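Peer 1: Only the shape, not the letters, is given here:
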Ligand SMILES: CC1=C(CCC(=O)O)c2cc3nc(cc4[nH]c(cc5[nH]c(cc1n2)c(C)c5CCC(=O)O)c(CCC(=O)O)c4C)C(CCC(=O)O)=C3C
Ligand SMILES: [Fe+2]
């Protein structure tokens, strides 16, 4: 196909103390997240002066992608829009329309399927198009959890911090409600597409590093306590490893593409404090977003559409997520779970 722009679609994060509460309200609107949890998360953001690193990291990644596109002779302006904070995707799509963009590709900053990681970005695209007269067509790029460039960048990040001696490699991704994981992917596939993709990406990175043993755990759960979410939690898992005699952990945040707040708080603060208290050595691998191979990955995903490049993937677990104008990529794929209080 012909494309005349690329839209970098991300989560968004606050840029000042006064932004934090309205940002959190945008994130959790209609989701049944208890106010106590919001107070707790607000404190994490305020601990960093009300500024999430996510927007600056996205801007740096966009600059790297613009340079990589240019180096390959691809003339594609890159626009930036978010689900939950400025620049809001609705405003960005309005700007694209005003600039005369007709057929844009969309890169969502998530490697995975599932409602929060994939279909909700489709909803963002549909909402933005509805709000903008003469909005461009928006074709969302696919999941890249097992793309060789994503795996190679994550593996090098693990190697860069792994100690010389024995250690346990622990992969972590954002927890989601068990019901949401069950609903992830088209029903005929049996669900659990999100956790299966996370497990597969983790295995590929562990193999690339040659780690003798690894675990996949979850972080940053929210929601009411009586609703089951994917477990174990990273902090509980560090305790369990300690009880088993493990003395060193390397944590790889495979579920995230950048060092945003849930990485710098939940891992670099909470998980690290737990390991310190237990006398365990703790290292956290970088996320792949700042690696030059990440920009190359985005260019490759673009070329799958603009130049018929064949998709590279290292596993048999399906990569979906490619959708036009926010239509779900398959019937009943990653349907939003029923939420308490709605
Ligand atoms: C799967 C997944 C990803 C990975 C895929 C992707 O990247 O899209 C992700 C990313 C992120 N999550 C983020 C922040 C938050 N997520 C929350 C809440 C939730 N996340 C969920 C899932 C995910 N989240 C879910 C099921 C909820 C419960 C509410 C709901 O059902 O929607 C809340 C509300 C408070 C709380 O409850 O913790 C916040 C503040 C930030 C930005 C951090 C920054 O500012 O730097 C990023 C990149
Ligand atoms: Fe989240």
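Peer 2: Good, I have the coordinates. Keep in mind it's a predicted model, so treat the numbers as computed, not measured. Ligands and ions are numbered 1, 2, ... in the order given.

Peer 1: Out of the helices and strands in the chain, which is least certain?
Peer 2: helix 261-265 (a mean of 91; mean pLDDT, DSSP states H and E).

Peer 1: In the stretch 101-250 of the chain, what residue lies closest to ligand 1?
Peer 2: residue 222 (2.5 Å; CB to the nearest ligand atom). All C-beta spots, glycine's among them, are computed from the backbone N, C-alpha and C.

Peer 1: In terms of pLDDT, where does that residue sit?
Peer 2: Looking at residue 222, its pLDDT is 89.

Peer 1: what about it, how many residues close to it?
Peer 2: Neighbourhood size, residue 222 [other CB atoms under 10 Å]: 20.

Peer 1: and if you look at the one 4 residues further on?
Peer 2: Residues contacting residue 226 under the criterion other CB under 10 Å number 6.

Peer 1: again, but for residue 316
Peer 2: 7.

Peer 1: How about the secondary structure of it?
Peer 2: The three-state assignment at residue 316 reads coil, by DSSP: H, G, I helix; E, B strand; the rest coil.

Peer 1: which residues does it contact?
Peer 2: Counting by CB atoms under 8 Å, 6 or more residues apart in numbering, residue 316 touches no other residue.

Peer 1: Please apply the same query to residue 78.
Peer 2: So residue 78 contacts 5, 6, 7, 8, 62, 65, 66, 69 (CB under 8 Å, 6+ apart).

Peer 1: show me where the protein has helices.
Peer 2: Ranges of helices within the chain are 20-28, 35-47, 54-71, 89-98, 120-131, 148-161, 178-182, 193-209, 234-243, 261-265, 272-277, 292-306, based on DSSP state H.

Peer 1: Pipe these into TSV and attach mean neighbour count per row.
Peer 2: Shown next, in TSV, are the helices of the chain (neighbours: other CB atoms under 10 Å):
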stretch	mean neighbour count
helix 20-28	17
helix 35-47	14
helix 54-71	18
helix 89-98	19
helix 120-131	20
helix 148-161	20
helix 178-182	20
helix 193-209	23
helix 234-243	18
helix 261-265	20
helix 272-277	16
helix 292-306	20
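
Peer 1: Out of these, which gets the lowest mean score?
Peer 2: Across the helices of the chain, helix 261-265 has the smallest mean pLDDT, namely a mean of 91.

Peer 1: So which residues on the stretch 1-150 of the chain come close to ligand 1?
Peer 2: 11, 13, 24, 27-28, 31, 33, 37, 41, 52, 54, 109-110, 114, 116-117 (CB under 6 Å from any ligand atom).

Peer 1: Domain parsing of this protein, as residue ranges.
Peer 2: Domain assignment for the chain, taken from automatic domain parsing, gives 5-144+290-324, 148-288.

Peer 1: Dump those to TSV, plus distance to residue 332.
Peer 2: Listed next are those as TSV, based on distance: least, CB to CB, whole Å:
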stretch	distance to residue 332
domain 5-144+290-324	10
domain 148-288	5
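
Peer 1: before we move on, back to that, check whether the least confident helix or strand of the chain contacts ligand 1.
Peer 2: Yes: judged by CB under 6 Å from any ligand atom, helix 261-265 comes into contact with ligand 1 at 261, 262.

Peer 1: Start at 707, not 1
Peer 2: From this message on, residue numbering opens at 707, which makes the last subject helix 967-971.

Peer 1: That helix: how far from the chain's middle?
Peer 2: Remark: helix 967-971 is offset 13 Å from the chain centroid, using CA atoms, centre = their mean, to the nearest Å.

Peer 1: Other residues contacting that helix?
Peer 2: Residues contacting helix 967-971 (CB under 8 Å, 6+ apart): 719, 750-751, 753-754, 758-760, 880, 925-926, 959, 962, 990, 993.

Peer 1: circling back: please convert the helices of the chain to TSV, extending it with distance to residue 1021.
Peer 2: Shown next, in TSV, are these (distance: least, CB to CB, whole Å):
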stretch	distance to residue 1021
helix 726-734	30
helix 741-753	33
helix 760-777	24
helix 795-804	30
helix 826-837	22
helix 854-867	9
helix 884-888	18
helix 899-915	5
helix 940-949	23
helix 967-971	24
helix 978-983	30
helix 998-1012	16
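
Peer 1: Cool, thanks, signing off.
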